[in-house]
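1. predicted model, plus sequence, below.
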Amino acid sequence: MYKATIFVTLKESVLDPQGVAVKGSLHTMGYSEVSDVRIGKRLEVSLDASSQAAAEEAVTLMCQKLFSNPVIEDFRFELEEV
Amino acid sequence: MYKATIFVTLKESVLDPQGVAVKGSLHTMGYSEVSDVRIGKRLEVSLDASSQAAAEEAVTLMCQKLFSNPVIEDFRFELEEV
Amino acid sequence: MIEPTAEQIRDQELYKEMGLTSEEYEQVKGHLGRLPNWTEVGIYSVMWSEHCSYKNSKPLLRKFPTTGPRILLGPGEGAGVIDIGDEQAVVFKIESHNHPSAVEPFQGAATGVGGIIRDVFSMGARPVALLNSLRFGELDSSRVRYLFDNVVSGIAHYGNCIGIPTVGGEVFFDNAYDGNPLVNAMCVGIINHKDLQKGVAVGVGNPVIYVGASTGRDGIHGATFASEELNESSEEKRPAVQVGDPFMEKLLLEACLEMVEQNMLLGIQDMGAAGLTCSSAEMAAKGGQGLDLNLDLVPQRETGMTSYEIMLSESQERMLLVVEKGREAEIMAICDKWGLQSAVIGQVTDGNQYRLFQHGELVADIPVNTLVDDAPVYVREEKVPTYYVENESVDPTDALANIDANEAIEKILQSPNMASKKYVFQQYDYMVRTSTAVRPGSDAAVVVIRGTEKALAMSTDGNSRYVYLDPVNGGRIAVAESARNVVCSGAEPLGITDCLNFGSPEKPEVYWQLSKAIDGMSEMCEVLQTPVVGGNVSLYNETKGQPIYPTPVVGMVGLIEKREHITTQAFKQNGDVLILLGDTAIELGGSELQQAYTATIAGRAPILDSGKEKALQQAVLTAIRQGLVQSAHDVSEGGLALAVAESCISGNLGAKIQVETDYDPTLYLFSETQSRILLSVSKDKVEELVQTMEQFHVPAQVIGQVTEGNLEVHVNDQLVIDRSVAQLTNHWEEAIPCKMTASSTSTN
Amino acid sequence: MRFAVVVFPGSNCDMDLVHAIEDVLGEEVNPVWHHESDLSSYDAILLPGGFSYGDYLRCGSLARFSPVMEAVKKEAEAGKLVVGICNGFQILTEAGLLPGALMRNDHLQFRCEIEPISVEKADSAFTMHYEQGETVQIPIAHAEGNYFCDDETLQRLEASGQILFRYAGKNPNGALANIAGITNEKGNVLGMMPHPERAIVDWMGSPDGARLFTSMLAYWKENHAS
Ligand SMILES: Nc1ncnc2c1ncn2[C@@H]1O[C@H](COP(=O)(O)OP(=O)(O)O)[C@@H](O)[C@H]1O
Ligand SMILES: [Mg+2]
C-alpha cells in the first residue's frame, strides 16, 4: 500500500485571485507583514501497487490526466509506502 | 522574511464529498487500485517577522481566524526562514 | 469509547447530557419496563427533542387553521400539499438551520437547503424553487460579516449545484441576532396528484431500503443541538455540524423521482434531523407496524461505529424506502444507474416493536408508538413581559420631530435592511430551470408552470420588530404582508408554511410571545383563507440568556391563473397614474424611521385590521385580472416614501407625488400603516380602477404620476423630497457591498 | 435536424436546453445519458450547464472522462456542430476540444445576472442570425467563468476569428480579453459561458438567445440543402 501526497499549484504566471483576496483580508485584519499568499490543493491518495516505481508511474499519470490542468497548474508529489 | 506552508484538511470524521467523487472517477478510469482520496488546501504565506517564534504565533492565529474553521477542519504548518 | 451501562446512565444521570429530564427518563423506564441502554436513551432523547416532537409547541400549533377546499395534505408529512388544478399540486415547506449555521455558516446553511429539498422530493414532488429568510447581527461586526458571507455562499452552493433556482427571500440585520443568526430555507415543488408519496412502513415482511450517502459520525445529536440554547460549549458540539454534498443529492433526487414515476414505492422518508432513528421510527409508527433493522447492513463511512452512533448520525443525502417484497432489484437498478449506493437494511414486522440488531445482538427494543405518539407535551407558563406593558404609553412620534424627508429617504435606503439585496441574490442561480418569470427584486418571485398558463408566486416575510412590540399584530402582519406580496404579483394566496424562531419556551415571557404570535397568524390565515400546511419550530434561540426577537417567518405561495396577470413592482411608463390604496395613519412603532433616527424600537406596532386587509387584497387581485394594473407594490417598511422609491428604482423612472395631510410630512411619508398598496395605472384605466376599488370599499387616492425625472414629493404643496433616481439607486445598491468590502471577514 | 443534449451526473441545465430546442426550433431533441458511446445519428451535440460530478476537483474535469466524451470528440472531428454552455464549455476545454481554461471568477463569488454580450463575429454557424457587433442580453450564472489562455493562444484566437462573444459591460468574472465564448479553429465547436437557453422569450428577461439556435438550424439547412 502506498500513500501519495500531491500538491497542485497555479503556475507562477497565473493570477491567483483567491490568494489575493486572502492577502487583502489579512491586511485588513492587521497582518500587514504578509507580503504574499498563494493557494493550492493538497491531495492524499492511497493506492495499491506492486512496487514504488509502479506507484510512481500510476500517480504521475493521474496527476497529468486528472489532478492538474496543464494550462494553469503545476503538480508535484511525494510517495511513501505505508 | 519567513515562508509558512499551511495545510488545511477536513477532520477525519467529516465527509469529504470531493474526495469521494474523485475516487469514483478514478475507478471508472480504471484505477481500481485507489482506495482513498482526500482533498485539502495548501497555502503559502510569505511574511515578515522579528523571530521564528513571532512568525509562528502570527501564522497560528491566521490559521485559527481565517484559513480554517475548527468546527470541521484541522490545520498544520511548516515555517522556514527565507 | 466504552459505552456506559444502563445502571451508570441512571446513577450518574447521563441522560441529562442528551437533553432528557429526570421525569422524561422515568417515563422511558415506564415504557420499557426496564432500564434503557445507551442506544435507547439516545433514541428517546432525539425523538423527544423539541425539533422532532414539538413538545413545547404542539398545543399552540393546534390553533393554526390547517384545512381548506384546496388542501390535499396539511402539516404532518414532509411538506404540505395544495391543489392547483389540472391534477397538479404545489408542495412546500420551510425549515430552520439556525444553530449549525451559527458554528459553521457555510455548511450549516448548505445542509439546511439540502434538508428542505429532501422534504419536498420525498413527497414525490419535483422541487422548482428555493427561498430563504435570514437574520444576522449588524454588519459592523467582522464576525457577522463572516457569518453573512458564508451563509449566503453556502445557500448558493447547494441550490446552484443541485440546479434548483433560489428565487427569493429576505435578509434582516439587527443586534438581537448577534450571537444567534437565523437561517430558514424554503423549498417549493410541483407534483401530479397521483404521484403523492407517504412516509409509512406497511406490509409485514416488506424490505426497508437505505439509499444514498454512507453513514459517518457527523452530526450526531444534531436534533438535540437544535433544541438547546447556544453557549460557550456549543463550539464543543462541533461534530453536530455536517458537510453537504449537493452532487449526491442531485443523484438522489433524480433516482427517487424515477422510482416515484414508476410507482415503485410504498413509503419514503428522508433522513433529516435525527437521521435513521427518526425516519424509521416515524415510518413504522405511521404505518402502525413494527420494524426490524440490522445495523450491520447500513452503509458506513467509518469503521467501528456503535449502534448509538449509527442511529444518531445526521449524515446528509440519505433516504429510507419501503417497497413491496420482490421489487428490491428494480430499486437497486435505478440506484446503480445514478451511481448511488443502496442496501436492504431491515423489514416491516407485525406488532409494535422497534428492534435494532447489531453484530447478531438485539441492541434496542422499543414500543415504537412511545417514540412518536407518547412523546411528552408541555404547556408552559405565559407571562406578559414588562417591556410590553411599558411600551403602552410610549408615543414613537415624540422622538421623531423635524426630520428632513430628503435626508430620511437617503438614510433609510442605505440601511442594510432596506437596501438592495443584490449582493445576496446575484450569488444565487435564480434562473436555472428556465421558469423564473419574476426574478428577485420585486415583491414576490414568480415561477411559471411549463405546459400551462399558470404560475406560482412566492414570498417569505416576517417583521420581528413588530412581533416583539406586539406579537398579535406582528403575527397578523407577517401573514398579511406575505399574502400582499403574492397578490401584488397577480396571484391568489393559497396557503403558508411557517418557521417559528423564538427564544426558550421555558421563559414565560417568550412563551407568551410565541402564543400571541400564533394567535395573530392564525386569525389572519383564517380571514385570508390561507391555511398553514406545514412548518417548523426553532426554539432556544438565545445567547448568553438573551432571546432573539420573536421571529415567525411566513412562506406564502400563490397561484397565478394566467401568465398575462404577472405583475411587478417596477413602474412601467412615463405618465402612468399613481394610486395609493388604503388609509394612512401615523404608526411608527418598530418602523424604519424610528430605528434609523433613534437606534431603538419602542411603542406599539402598527395595527392590522384583517377585514380591511382582505378587502384590499381581493380588490387588487380583481383589478390585476381585469388588466387595469401596470405595477403593484405593497407599502411596508419605510412607508409610502420607500414604496415609491423602490418602484422608481426598479423601473428606472421618476415620480411626481402630491399629497395633503394634517400630519408632519416626514411622519406621514414614512408611517408604516398596514393594508396599503401602491399601484401605477395607465391614464385611460384610472376611472375603471377607481370603480373596482369602490366595489370592495377600498379607499383609493390618486397621488401623482410616473415621470422621467426625479423622485419629487410634494406634501401640502411643499416640495419635501427631490432626488434623482440614479442617485437613489446608487445609495440603495451600494449600501451592502460597501459594508462588505470596507473590512475583512474572519471566523472569530 | 437532430439534437443531442448530453446528460452527465450533475448536469442541471439539460432539460432547459431540450425545452429551448423544442420551443424555438421544434426540431427533434433527445437527452443522451453519459454512457452513450455513439452519437453519429445526431446533427448537433449540446453539452449543458450544471455541475457535472459536482464540479469537484476542477469544473468539468471529471466529466471529461465520461464514456460519451469519446463520441463527442469523434463527431466534432467529423464536423458536426458541438456547443458547450457554461459547464459544457468547461468540459470542452478540459477535454482539449477548445483551448484555454476556465478559472474561478476573480471576485470569487458565483455570479448570476443578465449580461450585455457583444457578438464579435456574425458569420459563424452559431451567429448568422445576429448582426456583427450587435450587443445582446444573455444571462450568465457561474462561479468559474474566468477564461484564461497563454498569449500565443490568445493571439491565435483573435487572428483566426475564434472569439464569437465578449462581455460588453463590466467584465463579470475577470475573463481574459472579456472573452465570453470561443470556437475551435474549424468553427464547428463552440464554448460559451452565457446561457442562450435562458433567454428565448420576453418573460425570461430577454429573447436574444433564441437566435443562436435558429442560426444553427439555418447553417445546417444550408449545408444539407438536398
Ligand atoms: N436572502 C435572499 N435571497 C433571495 N432574494 C432575496 C433575499 N433577500 C431579499 N431578496 C429579494 O429582494 C427583494 C426585496 O426583499 P424585501 O426587502 O424583503 O422585500 P419585501 O419587503 O417586499 O418583502 C425581494 O424580491 C426578495 O425576494
Ligand atoms: Mg413586502
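-> Received the coordinates, thanks. Ligands and ions are numbered 1, 2, ... in the order given.
2. what residues sit buried inside the helix or strand of chain A with the lowest mean pLDDT?
-> Every helix and strand of chain A was ranked by mean pLDDT, DSSP states H and E. The lowest is helix A:17-28, at a mean of 89. Using 16 or more other CB atoms under 10 Å in any protein chain shown as the test for burial, helix A:17-28 gives A:17-23, A:25-26. Backbone N, C-alpha and C define where each C-beta goes, glycine included.
3. which strands and helices sit next to that helix?
-> Judged by 3 or more CB pairs under 8 Å, 6 or more residues apart in numbering or on different chains; DSSP states H and E, the packing partners of helix A:17-28 are strand A:34-47.
4. outside of the least confident helix or strand of chain A itself, list whatever touches it.
-> If you take CB atoms under 8 Å, 6 or more residues apart in numbering or on different chains as the criterion, helix A:17-28 is touched by A:34, A:36-39, B:43, B:62, B:66-67, C:743-746, D:103-108, D:146, D:174.
5. compute the inter-axis angle for it and strand B:34-47.
-> Between helix A:17-28 and strand B:34-47, the angle comes out at 40 degrees (axes from the mean of the first three to the mean of the last three CA atoms, to 10 degrees).
6. CA atoms only: put helix A:17-28 into CSV for me.
-> Output in CSV follows, covering the C-alpha atoms of helix A:17-28 (Å, rounded to 0.1, in the frame of the first residue of the first chain):
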residue,chain,number,x,y,z
PRO,A,17,-7.4,35.7,-7.1
GLN,A,18,-8.1,33.7,-4.0
GLY,A,19,-4.6,34.3,-2.8
VAL,A,20,-5.0,38.0,-3.4
ALA,A,21,-8.3,38.1,-1.6
VAL,A,22,-6.9,36.3,1.4
LYS,A,23,-4.0,38.6,1.5
GLY,A,24,-6.4,41.5,1.4
SER,A,25,-8.3,40.1,4.3
LEU,A,26,-5.1,39.5,6.3
HIS,A,27,-4.2,43.2,5.7
THR,A,28,-7.5,44.5,7.0
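7. next one: it to chain centre, how far?
-> Averaged C-alpha coordinates place helix A:17-28 at 19 Å from its chain's average position (CA atoms, centre = their mean, to the nearest Å).
8. same question for stretch D:70-80.
-> On the basis of CA atoms, centre = their mean, stretch D:70-80 is displaced by 15 Å from the centre of the chain it belongs to.
9. pull that stretch out as PDB, backbone CA atoms only.
-> Included here for stretch D:70-80 are C-alpha records, laid out as PDB according to Å, rounded to 0.1, in the frame of the first residue of the first chain:
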ATOM      1  CA  GLU D  70     -15.100   9.900 -26.900                       C
ATOM      2  CA  ALA D  71     -18.200  10.100 -29.100                       C
ATOM      3  CA  VAL D  72     -18.300  13.900 -28.800                       C
ATOM      4  CA  LYS D  73     -14.700  14.100 -29.900                       C
ATOM      5  CA  LYS D  74     -15.400  11.900 -32.900                       C
ATOM      6  CA  GLU D  75     -18.400  13.900 -34.100                       C
ATOM      7  CA  ALA D  76     -16.600  17.200 -33.500                       C
ATOM      8  CA  GLU D  77     -13.800  15.900 -35.800                       C
ATOM      9  CA  ALA D  78     -16.400  14.900 -38.300                       C
ATOM     10  CA  GLY D  79     -17.500  18.500 -38.400                       C
ATOM     11  CA  LYS D  80     -20.800  18.200 -36.600                       C
END
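10. torsion angles phi and psi at A:Gln64?
-> The main-chain torsion angles of A:Gln64 are listed as degrees, to the nearest 10 and equal phi -70, psi -40.
11. contacts only, for it.
-> With contacts taken as CB under 8 Å, 6+ apart, A:Gln64 has the following neighbours: A:Pro70.
12. if you set the cut-off to 10 Å instead, what comes out?
-> Applying CB atoms under 10 Å, 6 or more residues apart in numbering or on different chains to A:Gln64 gives the contacts A:70, A:75.
13. and it, how far from A:Ile72?
-> Taking CB to CB, to the nearest Å as the criterion, A:Gln64 is separated from A:Ile72 by 14 Å.
14. narrow the contacts of helix A:17-28 to just the buried residues.
-> For the contacts of helix A:17-28, burial is judged from neighbour counts taken by 16+ other CB under 10 Å, and it is met by A:34, A:37-39, B:43, B:62, B:66-67, C:744-746, D:103-106, D:146, D:174.
15. returning to that earlier point: so of the contacts of helix A:17-28, which ones are in helices?
-> Among the contacts of helix A:17-28, the members falling in helices are B:Met62 (criterion: DSSP state H).
16. three-state assignment of the closest residue to D:Ala4 other than its chain neighbours?
-> Nearest residue to D:Ala4 in three dimensions, chain neighbours excluded: D:Tyr42, at 4.1 Å (CB to CB, 6 or more residues apart in numbering or on different chains). Reducing the assignment at D:Tyr42 to three states with DSSP: H, G, I helix; E, B strand; the rest coil gives coil.
17. tally of neighbours for C:Arg355?
-> 18 (other CB atoms under 10 Å in any protein chain shown).
18. identify the bridge partners of it.
-> Each beta-bridge partner of C:Arg355 is listed here: C:Asp292, C:Asp365, as defined by DSSP bridges.
19. does it touch C:Ala281 like I think?
-> No. When contacts are counted by CB atoms under 10 Å, C:Arg355 is not listed as touching C:Ala281 (11.4 Å).
20. which other helices and strands contact the longest helix belonging to chain D?
-> The residue-count maximum for a helix in chain D (DSSP H) belongs to helix D:210-223. Contact analysis of helix D:210-223 by 3 or more CB pairs under 10 Å, 6 or more residues apart in numbering or on different chains; DSSP states H and E lists strand D:2-7, helix D:14-20, strand D:44-47, strand D:81-85, strand D:135-142, strand D:189-192 as its packing neighbours.
21. show me which residues of the stretch 451-600 of chain C are close to ligand 2?
-> If contacts are counted using CB under 5 Å from the ion, the residues of the stretch 451-600 of chain C sitting beside ligand 2 are C:Asn485.
22. for chain B, what's the nearest residue on the stretch 451-600 of chain C?
-> Across the stretch 451-600 of chain C, no residue is closer to chain B than C:Thr543, which sits at 16.9 Å (CB to the nearest CB).
23. that residue: neighbouring residues, count only.
-> In terms of burial, C:Thr543 registers 19 neighbours under the definition other CB under 10 Å.
24. what about the closest residue to it other than its chain neighbours, how many neighbours?
-> Ranked by CB to CB, 6+ apart and with sequence neighbours excluded, the top spatial neighbour of C:Thr543 is C:Gly179, at 3.1 Å. Other residues near C:Gly179 come to 19 when the count uses other CB under 10 Å.
25. contact partners for the residue in the stretch 51-200 of chain C positioned nearest to ligand 2?
-> When distances are taken as CB to the ion, the stretch 51-200 of chain C approaches ligand 2 most closely through C:Glu170, which lies 8.4 Å from it. By CB under 10 Å, 6+ apart, the residues touching C:Glu170 are C:131-135, C:184, C:417, C:421, C:424, C:459-463, C:482, C:553.
26. which residue ranges of chain D form strands?
-> Under the criterion DSSP state E, chain D carries strands at the ranges D:2-7, D:28-33, D:44-47, D:81-85, D:101-103, D:111-119, D:135-142, D:146-148, D:163-167, D:179-183, D:189-192.
27. quick one, which of those is nearest to C:Gly534?
-> Minimum separation from C:Gly534 across the strands of chain D (CB to CB) falls at strand D:111-119, 28.3 Å.
28. that'll do, ta.
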